[in-house]
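Visitor: Sequence and predicted structure, then a few things I'm wondering about:
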Amino acid sequence: MLESLFKLKENHTTVKTEVMAGITTFMTMAYILAVNPSILSATGMDASAVLIATALASFVGTLMMSLLANYPFALAPGMGLNAYFAYTVCIGMGVSWQLALMAVFVEGIIFIVLSLTNVREAIFNAIPLTLKNAVSVGIGLFIAFIGLQNAKIVVNSDSTLLTYQNFKGGTFHSVGITALLALIGVVITAYLLIKKVKGGILYGIFLTWILGMLCQAAGLYIPDAEQGMYSLYPNFSAGLNLASFGQTFGAVFTADFSGIRILDFVVVMFAFLFVDVFDTLGTLIGVASKADMLDKEGKLPRIKGALLADAIATVAGAIFGTSTTTTFVESASGVTQGGRTGLTSLTTSILFLASILLSPLFLSIPSFATAPALIIVGFYMMGNVMKINFDDMSEAIPAFLTILFMPLAYSISEGIVIGVISYTIITVLTGKAKEKKLSALMYVLSILFIMKYIFL
């Protein structure tokens, strides 16, 4: 049954490999179950309800990806979009969280329409192969950067914006020791992968977490709530309030429009739509490139099913009570472990559903334990830089800008925007538009992106 449904032999994979890959993807994404409720609760939403909504939206979206596209990509409420939802729309603009959910719901409906037509597929195919390879590399740097931040290895600095962790400071027994454990985790994971241990990334996560618990038992790690550092032991005593889900489920349909101008609502809705569309396209490009799923023309087979799964997840997530659900770059961790089919995403989706009942366990997975996986995955995705023709500066410079802006702007979509604009302008100015068969859609996208910077 699994063979006929997911075509495992055709994709040169096995059930064991796919399941291990799915578990690995889930482990690197499990932090969203803790982070998303923390962010959205700032709007007044119940944190427990948001956790359930997050798990359900991830389950539905990832399941749809498995069944509609047979790809090993997982979905969850997107980082960045949840912060925009909470801090810009709700707190900054004074919009109620119910109305913000309505904006997400509407953009999801538009997303479904675009996915059923050929608009989003056309956008994907219009992006030159050089930029697609650059997107993969940029996402790799972005993932590694997120890992360094999650582990507190790289921290804020007043003088240089960013700096490395001060291991000699007074916070060594909380922040410092976990940053050190993350570095040890990178070495452990690297060793396992070099030795070709199957599931090396997953084992690296567990071993790093176990080391952390041993450090807590020995008194080397001391929980400090003010620093956001909590006990590393799973705590099942509090349980989970399933009844709280009623506070967010369906709340989108109770939104009150009386306190907002329709133009402001449209701007918010399109902001969600823009980031969702191009974050998803960027993630699909990057992860598919890493898995060699793109054909010779740089197109992704069955992309319509993948895009539709993403759109359905956004609508379902809004109904459950969470911000925009999108394809996660952490899917690359499962792909790195050999995941090639929807069985990987099916495994991940089941774990998201199970996480509702086992949330104390999953919420206990510390960010320093998953950080090594993200850093190593970033390394893997850097390989596509060799596919960029650096002898042709008209190709290499836009690719470089795409790579550069993703981590520095902290946005996959912004990297794509800069890449598309620079590629189009440079190609036209150098008289190579006909030679490179620059599509009309690239001109349209470039104009729209420039207008975005002017008016939004």
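Guide: That came through fine. Just so you know, these numbers come straight off a predicted model, no measurement behind them.
Visitor: Check the average confidence over stretch 258-269, would you?
Guide: Averaging pLDDT along stretch 258-269 yields 78.
Visitor: residues making contact with that stretch?
Guide: 89, 93-96, 99-100, 102-103, 106-107, 257, 456 (C-beta atoms under 8 Å, 6 or more residues apart in numbering). For every residue, glycine as well, the C-beta is placed using N, CA and C.
Visitor: mind listing what the spatially most central residue of the chain touches?
Guide: Geometric centre of the chain, nearest residue: Phe328, 2.9 Å, by C-alpha atoms, centre = their mean. For Phe328, the contacting residues are 29, 32, 73-76, 78, 283, by C-beta under 8 Å, 6+ apart.
Visitor: Filter these down to the ones in strands?
Guide: Of the positions in those, 75-76 sit in strands, assigned by DSSP state E.
Visitor: Export the contacts of Phe328 as a markdown table, with columns for distance to Gln165 and neighbour count.
Guide: Shown next, in a markdown table, are the contacts of Phe328 (distance: C-beta to C-beta, whole Å; neighbours: other C-beta atoms under 10 Å):
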| residue | distance to Gln165 | neighbour count |
| --- | --- | --- |
| Met29 | 24 | 25 |
| Ile32 | 24 | 25 |
| Phe73 | 32 | 33 |
| Ala74 | 29 | 32 |
| Leu75 | 32 | 33 |
| Ala76 | 27 | 31 |
| Gly78 | 27 | 29 |
| Thr283 | 29 | 27 |
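Visitor: ok, now how distant is the closest residue to Ser422 other than its chain neighbours from Phe142?
Guide: Of all residues not flanking Ser422 in the chain, Pro398 sits nearest, at 4.2 Å (C-beta to C-beta, 6 or more residues apart in numbering). As judged by C-beta to C-beta, to the nearest Å, Pro398 and Phe142 stand 17 Å apart.
Visitor: before we move on, what about Tyr233?
Guide: Going from Tyr233 to Phe142 by C-beta to C-beta gives 31 Å.
Visitor: Then Ser174?
Guide: 27 Å.
Visitor: who has more neighbours, the two?
Guide: A count of neighbours by other C-beta atoms under 10 Å puts Phe142 above the other of Ser174 and Phe142, at 26 against 20.
Visitor: what's the helix or strand for the more buried one?
Guide: Secondary structure from DSSP states H and E places Phe142 in helix 129-150.
Visitor: Just list what whatever helix or strand comes next after that helix packs against, helices and strands only.
Guide: Per DSSP H and E, the first helix or strand lying C-terminal to helix 129-150 is strand 154-157. On a contact count with 3 or more C-beta pairs under 8 Å, 6 or more residues apart in numbering; DSSP states H and E, strand 154-157 meets helix 129-150, strand 161-164.
Visitor: so of those, which one's packed in deepest?
Guide: For the helices and strands packed on strand 154-157, the largest average neighbour count (mean count of other C-beta atoms under 10 Å) is found in helix 129-150, namely a mean of 25.
Visitor: by contact count, what packs against that one?
Guide: Using 3+ C-beta pairs under 8 Å, 6+ apart, helix 129-150 sits against strand 154-157, helix 262-290, helix 331-336, helix 367-381, helix 393-408, helix 412-429.
Visitor: which ones are touching the closest residue to Ala318 other than its chain neighbours?
Guide: Once flanking residues are discounted, Ala318 sits nearest to Phe105: 3.8 Å by C-beta to C-beta, 6+ apart. Taking C-beta under 8 Å, 6+ apart, we find Phe105 in contact with 252, 315, 318-319.
Visitor: Tell me the spacing between Phe105 and Thr314.
Guide: Counting by C-beta to C-beta, the gap from Phe105 to Thr314 is 8 Å.
Visitor: same deal with Pro398?
Guide: Pro398 is 29 Å from Thr314, by C-beta to C-beta.
Visitor: do the same with Val89
Guide: Distance from Val89 to Thr314, counting by C-beta to C-beta: 15 Å.
Visitor: Comparing those two, which residue is more hemmed in?
Guide: Thr314 (33 against 27).
Visitor: from what I can see the more buried one touches Thr324, true?
Guide: Yes. If you go by C-beta atoms under 8 Å, Thr314 and Thr324 touch, sitting 5.4 Å apart.
Visitor: Quick check: neighbours shared by these two?
Guide: Joint contacts of Thr314 and Thr324 (C-beta under 8 Å, 6+ apart) are 104, 107-108, 276.
Visitor: Low-confidence stretches in the stretch 101-250 of the chain?
Guide: For the stretch 101-250 of the chain, applying pLDDT under 70 flags the ranges 169-170, 237-241.
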